[in-house]
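Chemist: no sequence for this one, just the structure:
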């Protein structure tokens, strides 16, 4: 597909990839509204960069690489804002309001246990090095193959396999220590 064809076909590109891009962003930023914002940034960049797309990778791989990078950028910005908010709070200002989770219908006990397990797993994943966190999220949560992850992260297949292996080991160690301490 020529770059001029891509620009004229932007609407179909968005329709074909918007749900997966939004889900990918959500897995990183963990907030639906933020995921929508990041996904919108992804498609803005896709639109602005279509003329430079060289078809060296598949279009979908290129789009998901942008989604991962935008999501990681968002997380970094958010961490900087939190550090600044902590400084501000030291001087007597409020840090801001907390997000409120809405209840989910179903069995309250099992819903609570599921949320707690998800929260603990998210906590452990958030403490992985960024490249391991990215690889394990794309693999185990988003369902990409190692070959696809290698293209998205611009790494070799063996590097991705190593990242996923180390991520699993680190997660195992973090979760083992957590449950050993809290159970």
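Modeler: Noted; the coordinates are in hand. Note that this is a predicted model, so its numbers are computed, not measured.

Chemist: The residue nearest to the spatial centre of the chain: helix or strand, and which one exactly?
Modeler: In the chain, the C-alpha nearest the mean C-alpha coordinate belongs to residue 28, at 2.2 Å (CA atoms, centre = their mean). When elements are assigned from DSSP states H and E, residue 28 belongs to helix 10-29.

Chemist: Give me the contact list for that helix.
Modeler: With contacts defined as CB atoms under 8 Å, 6 or more residues apart in numbering, helix 10-29 is touched by 6, 32, 34-36, 38-39, 42-43, 46-47, 50, 59-60, 63-64, 67-68, 70-72, 74-75, 78, 134, 137-138, 141-142. Where C-beta positions appear, they are placed from N, C-alpha and C, glycine not excepted.

Chemist: Kindly report the domain assignment for the chain.
Modeler: Using automatic domain parsing, the domain parsing of the chain gives 1-100, 104-183.

Chemist: any chance of the ones you listed in a markdown table, with mean pLDDT too?
Modeler: Formatted as a markdown table, those follow (pLDDT from 0 to 100):
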| stretch | mean pLDDT |
| --- | --- |
| domain 1-100 | 79 |
| domain 104-183 | 88 |
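
Chemist: how near is residue 51 to residue 10?
Modeler: Using CB to CB, to the nearest Å, residue 51 is found at 11 Å from residue 10.

Chemist: Compare neighbour counts for these two and give me the winner.
Modeler: Neighbour totals were compared for residue 51 and residue 10, and residue 10 leads with 13 against 10 (other CB atoms under 10 Å).

Chemist: Cheers, nothing more for now.
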